[in-house]
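**Q** Just to be clear, the model below is a prediction. Sequence and coordinates:
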Amino acid sequence: METLSQTRIILSTMERLDSREHLPADLSALLGKTALLQAKNTGGFQLDLSGIPLSQVPVCSPLNFPLDMKNFKILTARIMEAILDARDVMPASVVDAVVQVQGAVEKKDLSFEEAWHEIQTRFAGGDFSGPVLKKWETQTPDAPSALPFLVMAGAGPSLQAAGRVLAEAKGIDPEQIHTSGACPVCGSLPYMLELRGKEGQRVAHCSFCRFIYRIRRLACAGCNIDKADQLTGFTAEGEPGFRVETCAQCNTYIKTIDFREFDREAFAPLNDLESLPLDMLAANHGYKRMAFSAWCI
Amino acid sequence: MDLTRRNFVKAASAAVAGITAMPVFTGLGCSTVSKSAERAKQLHPKWTKQTTSICAFCSVGCGLLVNTDLGTKRAVNIEGDPDHPINQGALCAKGAATIQMTENPKRTQTCLYREPYGKEFIPKDWDWCKKRIARLIKDSRDKSFEAKNDKGQEVNRTMGIASLGSAAIDNEECLAMHSFTRSLGLVYIEHQARI
C-alpha cells in the first residue's frame, strides 16, 4: 500500500483514538506517531535472502529472518528522536526509557543488533527475554517493554517488506485459504484478524512480519481446531466493528475487525488499541490473548 | 535451537505462554489503561457461535454461516460462507434473506383470505383453506379437462392449471407433487429453479 493512503488511514484512525476518552491518550500518541514514521519508511530495503531455502512453509523462521540492519538502526533512532521531540504528549515512562536507551547506545553499552537477535529468539519460541532484554526490563521498570517496543518499531517496515518478498518468491497467494492459522511466511501467530470484502473473507495479520494471509472462517487461528462447539465469540455494543473470537480448546482469544458495514478502512496495529476494552473483557472471562500486539507490548 | 519444521510451529505457539505475564498494551506502563478496564466492566458481551449451513432455496446449495445467540438460542445473523467452494460467500437475494425464514416479526401468523372482488383480507384457519383450495383445484380441472384434442387424439389433460415450485422441497416431496399433478392431467409443470 503506498505511503500516502497508508498515512491517510493512520491519521483518521488516530482521530478516532483521540475521540475515545477511555483510551490512554499518551499511548495513542506514541503508537500513532510511530505508525506514521513506519509508513513513511518504505522502499529501498537491502535484504539478504540468500541462504533461505524456499522449499517449505513457513518459509523462514524469525531466527533467520532477513533485516535491513542499517535501515533498522536509522529508523529506531528517528523514532526515539520523535518521542523526545513530542515528550509533552508521550508517556512519561517511555520518554525516560528513551533517554536512557539513547545514552546507552551512545556509550556503546547497548547494541540494538543484539536486542534484535533476542527478539528473534522470542518470536521463534526460544527464551522470552535474553540477557539484554532482561537487563533493560529492570533498567526501565516503569516501561519494562520499552526496548522490545523500540526494536519492533524500527524493524517493522523492513520485516514487512521482507515478508512480502519471501511470500512472492515462494509463491504464497495471500488470497488462497491457508488451513493453518500461523503465518505461512514466518510461522508466527496473528495478533488481529479481519473480515474483508462483501463475502467476509477472514484474514490474519502476522504479529512478527505483518504479512496478511487468508484463513478459514470457522477455525481457531491459534490451535486450528474447527469444531463449532469449541469456537464462540462475542461482540459488545459499545465497541462496534469488532468481534472477540474465543476457543475453548486452547483457551485463547483474538479480536476480529469487521468494518464491512462501516465506511472506514482498517489499520490493524491501531485498531488493536482502539478496541482495548475488549481485551480486558476477554481476560475477565478467563481467556488469554493469542499473540503480542504489532508493537510487541 | 534446532528448529525443524514440525517443532517450529509448536515453538511459535509456546511464545504465547510468555505473554500471560503482562496484559496487552500495558508493557509501557501507561497507567491510564485503567479507564479502559472500567469501561470493560460496563460492556455487556453478546455471545454467539458460528455454524455452517446450506441455503434451502435451490439446488445450487450455497454455503451459509449462521450466527446463533448463545443466550436466546436464536439466529442473529446469516451470511454467505466465503470458504464454501460453491458460492464463496455470495448469496442471491433469496439466500441473503434466509434469516427471515425464522426471524421476521412481520410474518403473518394466520392464513388470510380475500373474497373475489372483496376489499379486505379475512383470517382463516388451515382446515378451511385446505378444503377451499381442493375445491377450486377440482372445479378448475373439471372445467378445463380435455379428453381429446382438436385432432381427435387422446390427451386427458388440463391446460387450466399450472404448478410452479418448489426449490425448497426435497426429491421425495418433488416425486409426490409430480405424481399428484400429472395424475390430475397437468401439463404446465414448472420449477422455479429453471426460471
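**A** Structure's in. What do you need?

**Q** List the contacts of the closest residue to A:Arg216 other than its chain neighbours.
**A** Distance criterion CB to CB, 6 or more residues apart in numbering or on different chains; nearest residue to A:Arg216, sequence neighbours excluded, is B:Asp83 at 5.4 Å. The way it works is simple: take the backbone N, C-alpha and C, and place the C-beta from them, glycine included. Going by CB atoms under 8 Å, 6 or more residues apart in numbering or on different chains, B:Asp83 touches A:177, A:216-218, B:63, B:89.

**Q** Could you check how far stretch B:171-191 is from the centre of its chain?
**A** Mean-position distance between stretch B:171-191 and its chain equals 24 Å (CA atoms, centre = their mean, to the nearest Å).

**Q** Give the buried residues for that stretch.
**A** Residues of stretch B:171-191 classed as buried: B:177, B:181, B:184-186, B:191 (neighbour count, 16 or more other CB atoms under 10 Å in any protein chain shown).

**Q** Repeat that for stretch B:53-68.
**A** Neighbour-count burial for stretch B:53-68 [16+ other CB under 10 Å]: B:55, B:57-58, B:62-68.

**Q** restrict those residues to those near chain A?
**A** By CB under 8 Å from any CB of the partner chain, the members of these lying near chain A are B:Leu65.

**Q** just to revisit the earlier point, mind checking what secondary structure the residue nearest to A:Arg216 has?
**A** coil (DSSP: H, G, I helix; E, B strand; the rest coil).

**Q** and B:Leu70, how many neighbours does it have?
**A** By other CB atoms under 10 Å in any protein chain shown, 12 other residues sit near B:Leu70.

**Q** Against A:Ala236, how distant is it?
**A** Note on B:Leu70: its distance to A:Ala236, by CB to CB, to the nearest Å, is 14 Å.

**Q** Not counting its neighbours along the chain, what's nearest the residue nearest the centre of chain B?
**A** Closest residue to the average C-alpha location of chain B: B:Thr98 at 3.5 Å, with CA atoms, centre = their mean. Sequence neighbours aside, B:Ile78 is the residue nearest to B:Thr98 in space, at 4.8 Å (criterion: CB to CB, 6+ apart).

**Q** about what we covered before: quick check: which of the buried residues of stretch B:53-68 has the minimum pLDDT.
**A** Least confident entry in the buried residues of stretch B:53-68, by pLDDT: B:Cys58, with 79.

**Q** Quick one: residues contacting the residue nearest to B:Thr98.
**A** B:53, B:64-67, B:98-99.

**Q** ok, which pair from the buried residues of stretch B:171-191 is furthest apart?
**A** B:Gly185 and B:His191 (18.6 Å; CB to CB).

**Q** What's the local residue count around whichever residue of the stretch 151-297 of chain A sits closest to chain B?
**A** Residue nearest to chain B within the stretch 151-297 of chain A: A:Glu199 (2.5 Å; CB to the nearest CB). Close neighbours of A:Glu199, defined as other CB under 10 Å, add up to 18.

**Q** before we move on, what about B:Thr102?
**A** 10.

**Q** Next, work out how far apart it and B:Thr51 are.
**A** 14 Å.

**Q** Next to chain B, which bits of the stretch 51-200 of chain A? Give me the list.
**A** So the stretch 51-200 of chain A meets chain B at A:56, A:58, A:61, A:63, A:91, A:93-94, A:121-126, A:128, A:142-146, A:148-149, A:177, A:180, A:182, A:187-189, A:197-200 (CB under 8 Å from any CB).

**Q** Go again with 6 Å.
**A** When proximity is defined as CB under 6 Å from any CB of the partner chain, the stretch 51-200 of chain A approaches chain B at A:56, A:61, A:91, A:93-94, A:125-126, A:128, A:142-145, A:182, A:187-188, A:199-200.

**Q** Just the buried subset of those residues, please.
**A** A:61, A:91, A:93-94, A:125-126, A:128, A:143-145, A:182, A:187-188, A:199-200.

**Q** In helices only, show me those residues.
**A** Mapping these onto helices (DSSP state H) picks out A:93-94.

**Q** Max pairwise distance over the buried ones among the residues of the stretch 51-200 of chain A next to chain B: which two?
**A** Across those (CB to CB), the longest gap, 43.8 Å, separates A:Ser93 and A:Glu199.

**Q** For the lengthiest helix in chain B, buried residues please.
**A** Across chain B, the longest stretch assigned as helix under DSSP H is helix B:126-144. Across helix B:126-144, burial judged by 16+ other CB under 10 Å covers B:137, B:141.

**Q** Mind giving me the packing neighbours of that helix?
**A** strand B:154-164 (3 or more CB pairs under 6 Å, 6 or more residues apart in numbering or on different chains; DSSP states H and E).

**Q** Return the set of buried residues in the strand it packs on.
**A** B:155, B:157-158, B:160-161, B:163.

**Q** Centre of the chain to that strand, how far?
**A** With CA atoms, centre = their mean, you get 32 Å for strand B:154-164.

**Q** Check which helices and strands it sits against.
**A** In terms of contacts (3+ CB pairs under 6 Å, 6+ apart), strand B:154-164 is packed against helix B:126-144, strand B:145-148, strand B:186-190.

**Q** ok, A:Tyr287 touching A:Cys250?
**A** No - if you go by CB atoms under 6 Å, A:Tyr287 and A:Cys250 don't touch, sitting 9.6 Å apart.

**Q** shared neighbours, those two?
**A** Listed contacts common to A:Tyr287 and A:Cys250 are nil; contacts here mean CB atoms under 6 Å, 6 or more residues apart in numbering or on different chains.

**Q** which residue ranges form the helices in the chain?
**A** Let's take chain A. Using DSSP H, helices in chain A cover A:3-19, A:25-40, A:69-85, A:92-106, A:112-123, A:131-139, A:146-170, A:268-274, A:276-284.

**Q** Can you look at chain B instead?
**A** B:5-19, B:33-42, B:93-96, B:126-144, B:171-184.

**Q** And the ones you listed: which comes nearest A:Ile83?
**A** Nearest to A:Ile83, of these and by CB to CB, is helix B:33-42 at 18.9 Å.

**Q** can you give me the angle that closest one makes with helix A:276-284?
**A** Relative orientation of helix B:33-42 versus helix A:276-284 (axes from the mean of the first three to the mean of the last three CA atoms, to 10 degrees): 70 degrees.

**Q** quick one: pLDDT of residue 61?
**A** No chain in the question, so chain A it is. In this model, A:Ser61 carries a pLDDT of 95.

**Q** um, chain B though
**A** 90.

**Q** Do I have it right that it meets B:Thr52?
**A** No - using CB under 6 Å, B:Gly61 is not in contact with B:Thr52, being 11.7 Å away.

**Q** and which of the buried ones among the residues of the stretch 51-200 of chain A next to chain B is nearest to A:Pro277?
**A** Lowest distance from A:Pro277 to these (CB to CB) belongs to A:Pro91, with 19.0 Å.

**Q** which residue packs closest to that closest one, ignoring adjacent ones?
**A** Counting by CB to CB, 6+ apart, A:Pro91 lies nearest to A:Asp26, which is 4.1 Å off, once chain neighbours are set aside.

**Q** A:Ala92 is in contact with the one you found, correct?
**A** No - in terms of CB under 6 Å, A:Asp26 does not count as a neighbour of A:Ala92; the distance is 7.6 Å.
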